[in-house]
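Enquirer: got a sequence here, can you model it:
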Amino acid sequence: MKQFFKYVAATIVGLLLFGLLMTVMFIGTVGSLAAMSDSKGEVKKNSVLVLNLSGTTTEQAEENVFAALMGESTSAKGLNDILSAIKKAEEQKDIKGIYLETGAFAPDSWASLSAIRHQLSQFRKSGKWIIAYGDAYTQSAYYLASVADKVYLNPQGMIDLHGLAAQPLYVKDMLQKFGVRMQVAKVGAYKSATEMFTGDRMSEANREQVTAYITQIWNTAVKDIADSRKISQDSVNAWADRYAALSDPKDYVQAKLVDGLLYTDQIKPEIRKRLGIGKDDDICSLRLEDMKSIRKKDALKGDKIAVYYAYGSIVDGAASNPMSQEHVIDAQVVCKDLEKLAENDKIKAVVLRINSGGGSAYASEQIWHQVAELKKQKPVVVSMGGMTASGGYYIACNADYIYAEPLTLTGSIGIFGMFPDFSGLITDKLGVKFDEVKTNKHSGMGTLSRPFNEEEMALLNKYIERGYSLFRQRVADGRKLTVEQVEEIAQGHVWTGQDGKRIRLVDELGSLDDAIAKAARLAKVEKYHPVSYPAPASWTDQLISKVSGNNYLDERLKALTGDYYECFSLLKTLDRQNCIQARVPFYISIR
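Expert: Okay, here's the model as predicted:
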């Protein structure tokens with residue numbers, strides 16, 4: 001027994017010492033991170049910004065304290081950080097150029113990709129240079145690289161130009177194998193989100209709209225590549241038709257898709273030549289992380305313009321899963337945040353940066369109301385990211401002014417109700433039987449024992465119609481249109497930002513910076529600086545997320561399903577989803 005207590009005491013002491021050591025390491029790491037973030041940063045003369053773009057992007061960079069502590073890195077880069085770094089490099093006289101090194105880069109949307117390319121183009125117009133290099137260019141990466149003064153490729157590399165394809169996913173037959181089917185009430189010929197659960201192919205209306213927007217995206221990409229590389233658009237399409245990835249790299253040079261075939265060590269002489277330095281001189285380089293600490297002397301002077309990032313699915317507070325890896329727009333949290341911004345006298349205007357395909361119709365209405373209340377106190381401007389559609393557009397439509405990227409997907413004005421029928425699984429597959437007594441005609445409506453009957457579905461359809469009428473009215477009031485005008489462009493139809501401007505869903509095409517400048521003008525302030533909201537997750541929240549079993553399961557599911565993660569994640573959390581949804585298809589893949 002004595003030995004037992006001895007071992008127990010030793011274990012406790014060991015755990016305490018380990019905890020103390022981890023605490024000291026954590027404090028030291030956080031302190032060094034804080035010191036880095038507070039540093040103003042220095043730029044040496046004749047410097048180069050090295051942009052190594054691979055992995056994915058997210059709207060807003062999220063600091064992961066524990067990843068930094070453990071020396072880990074994430075593949076997702078903040079779009080805000082990338083755009084800010086390029087803009088700062090343009091403004092810094094000692095930064096002479098950008099070395100763009102692209103790997104398997106797959107941003108969250110073509111709108112994000114276009115925004116980065118536009119910022120790179122502005123950098124070049126300032127009189128500075130860009131050199132791009134890749135061992136192999138994905139289609140997205142090549143679209144970015146093509147803006148450079150010189151584009152180089154590994155002698156054994158490839159350029160994966162193949163055009164765009166959208167491949168919706170259908171799970172109706174899979175669900176039927178388990179005795180499950182979806183009962184749907186919806187409004188809008190183009191409202192295609194439910195087709196994934198009720199069909200096995202695209203409806204003609206959905207095929208029409210998807211064809212329209214992927215064609216518009218691809219035509220924009222082809223024109224940009226052709227203009228930058230000084231070749232014809234027909235030539236770019238011809239290379240896509242022959243599946244360029246399988247071609248001899250020497251043919252890329254001959255076709256002017258690249259300027260030369262080089263190994264990585266042969267790039268440095270090219271950069272030294274641009275900088276006008278000797279072959280033995282060191283190249284002063286800065287990376288994305290270095291640019292975060294660089295700011296102008298008067299960067300924090302003037303009034304504050306809040307930039308509130310809202311991205312992910314729109315959920316009711318009770319339906320959100322705080323342990324999930326996926327970022328969400330939690331209506332309860334967002335409404336409280338917007339209320340605080342309305343009460344903050346130091347904030348002169350608010351820019352909502354929205355990137356969402358929608359979600360809960362109830363949650364969207366709650367946020368719409370809070371935006372209306374915020375507008376009473378100060379100007380509200382929306383900046384659309386890759387997608388601001390359905391519920392995403394619902395929360396945007398009441399702003400004072402709306403900006404979209406040209407390739408933003410927006411609109412999709414419509415709602416639907418989706419109700420799983422498990423009776424086939426429970427009764428037929430598992431052999432569970434039910435009996436019933438009831439006091440009123442529809443007392444048993446929504447039970448697991450049976451699907452809705454014809455009369456009950458009629459009631460649900462009337463309810464959905466009423467929700468659609470409200471959505472339409474919200475858009476009409478916010479955009480100063482008649483309900484009849486909204487109906488012509490509604491019905492769940494998805495539009496690009498370019499089309500959205502033409503049909504008055506959007507006021508102007510422009511970037512987040514354009515939206516911030518507009519907000520300042522509406523607030524009548526001349527000197528201002530943007531402040532990002534909401535605040536990053538605390539280290540305690542990150543710790544809970546890190547040790548959560550749900551987080552681990554999400555990681556495994558994502559690794560297993562890849563591009564189809566969102567679809568299967570939805571099936572996993574179906575019981576927590578609100579039945580009434582204002583959203584685009586659960587899975588949109590444009591490859």
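
Enquirer: in the stretch 451-591 of the chain, what spans have low per-residue confidence?
Expert: 536-577, 586-591 (pLDDT under 70).

Enquirer: 50 instead?
Expert: 548-549 (pLDDT under 50).

Enquirer: hey, where'd the helices end up in the stretch 201-350 of the chain?
Expert: For the stretch 201-350 of the chain, the helices defined by DSSP state H, counting those that start in this stretch cover 204-229, 233-241, 249-254, 267-275, 288-291, 331-343.

Enquirer: columns distance to Met182, mean neighbour count and mean pLDDT on top of the ones you listed, output as a markdown table?
Expert: Using the backbone N, CA and C atoms, a C-beta is placed for each residue, glycine as well. Formatted as a markdown table, the helices of the stretch 201-350 of the chain follow (distance: least, C-beta to C-beta, whole Å; neighbours: other C-beta atoms under 10 Å; pLDDT from 0 to 100):
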| stretch | distance to Met182 | mean neighbour count | mean pLDDT |
| --- | --- | --- | --- |
| helix 204-229 | 16 | 18 | 96 |
| helix 233-241 | 37 | 16 | 97 |
| helix 249-254 | 47 | 15 | 96 |
| helix 267-275 | 53 | 16 | 94 |
| helix 288-291 | 43 | 18 | 92 |
| helix 331-343 | 24 | 18 | 97 |
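
Enquirer: can you list those in TSV and add distance to Ile580?
Expert: Formatted as TSV, the helices of the stretch 201-350 of the chain follow (distance: least, C-beta to C-beta, whole Å):
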stretch	distance to Ile580
helix 204-229	21
helix 233-241	41
helix 249-254	51
helix 267-275	55
helix 288-291	41
helix 331-343	13
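
Enquirer: out of those helices, nearest to Pro451?
Expert: Of all the helices of the stretch 201-350 of the chain, it is helix 204-229 that lies closest to Pro451, at 24.9 Å by C-beta to C-beta.

Enquirer: which helices and strands does that closest one pack with?
Expert: Here helix 204-229 touches helix 110-125, helix 139-145, helix 233-241, strand 494-496, going by 3 or more C-beta pairs under 8 Å, 6 or more residues apart in numbering; DSSP states H and E.

Enquirer: most tightly packed of the ones you listed?
Expert: Mean neighbour count (mean count of other C-beta atoms under 10 Å) peaks for strand 494-496 among these, with a mean of 27.

Enquirer: distance between it and the chain's centre?
Expert: 16 Å (C-alpha atoms, centre = their mean, to the nearest Å).

Enquirer: ok, then the element right after that strand?
Expert: helix 497-502 (DSSP states H and E).

Enquirer: can you name the next helix or strand after that next one?
Expert: Once the chain leaves helix 497-502, the next helix or strand it forms, by DSSP H and E, is strand 508-509.

Enquirer: what lines up beside that next one in the sheet?
Expert: In the sheet, strand 508-509 lines up against strand 401-404 (parallel) (DSSP bridges).

Enquirer: can you give me the strands in the stretch 401-550 of the chain?
Expert: 401-404, 409-411, 416-421, 494-496, 508-509, 528-533 (DSSP state E, counting those that start in this stretch).

Enquirer: let me know which of those is tucked in deepest.
Expert: Ranked by mean neighbour count under mean count of other C-beta under 10 Å, the strands of the stretch 401-550 of the chain are led by strand 409-411, which reaches a mean of 30.

Enquirer: which other residues reach that one?
Expert: Contact partners of strand 409-411, identified using C-beta atoms under 8 Å, 6 or more residues apart in numbering, comprise 109, 111, 213, 357, 384, 386-389, 392-393, 404, 489-490, 493-497, 500, 505-506, 584, 588.

Enquirer: swap in 6 Å and give it another go.
Expert: 387-389, 393, 493-495, 500, 505 (C-beta atoms under 6 Å, 6 or more residues apart in numbering).

Enquirer: distance from it to the middle of the chain?
Expert: 14 Å.

Enquirer: what lines up beside it in the sheet?
Expert: strand 380-389 (parallel), strand 494-496 (antiparallel).

Enquirer: among these, which is nearest Leu338?
Expert: Among the strands paired with strand 409-411, if distance is taken as C-beta to C-beta, the winner is strand 380-389, at 8.9 Å.

Enquirer: next structured bit after that closest one?
Expert: For strand 380-389, the following helix or strand on the C-terminal side (DSSP H and E) is helix 391-396.

Enquirer: who does that next one touch, helix- and strand-wise?
Expert: Here helix 391-396 touches strand 347-356, strand 358-360, helix 361-375, strand 580-583, going by 3 or more C-beta pairs under 6 Å, 6 or more residues apart in numbering; DSSP states H and E.

Enquirer: thank you, goodbye.
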